[in-house]
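1. Give me a 3D structure for the following:
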Amino acid sequence: MKQYCDILKNTKKIAVYGISHDPARTSREIAEYLVRNGFEVVGVNPAISDANGIKVYPNLRDIPFEVDVVNVFRRSEFIPELIDDVIAIKPKALWLQQGIRNDEAVKPVIEAGIETVQDTCIAVMHSLCKANHK
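-> Sure, this is the predicted structure:
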């Protein structure tokens, strides 16, 4: 748990990869949770440009500033297609949401020195970290 708390403590900007236009989808709920908790959040989805006030870019390389964490909402089998972009933008961490894991695909990210979290909900961990620091 300390790893998660350390990442979140040092995070200001988060890219939510796979953010949905649908406000009922988990990716939107978590993006909005992160905004409410003081993070600067942008989305990545080639099909939309805005998600209830959250600016959305077509891909990671189009984000015009550095992000600390890339938080991913894509199925495990699609993780290989975003690895090159993650390495190119060099976030502090790649965070795959609960239910998403691809050990083989993330190897190059880990080798590039980018912390990697798999199969873990960023909102749950943020809430637990916040509770433990009160």
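2. wait, what's in contact with Glu104?
-> If you count contacts by C-beta atoms under 8 Å, 6 or more residues apart in numbering, Glu104 has none. (C-beta placed from N, C-alpha, C; glycine too.)
3. so what pLDDT did it get?
-> Glu104 is assigned 98 on the pLDDT scale.
4. That one falls within a strand, correct?
-> No: counting by DSSP: H, G, I helix; E, B strand; the rest coil, one finds Glu104 to be helix, located in no strand.
5. element containing Trp95, please.
-> Using DSSP states H and E, Trp95 sits within strand 93-96.
6. And that strand, what does it pack against?
-> strand 69-72, helix 103-111, strand 115-117 (3 or more C-beta pairs under 8 Å, 6 or more residues apart in numbering; DSSP states H and E).
7. could you dump these to TSV with distance to Glu29?
-> Below are the helices and strands packed on strand 93-96 laid out as TSV (distance: least, C-beta to C-beta, whole Å):
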stretch	distance to Glu29
strand 69-72	12
helix 103-111	24
strand 115-117	19
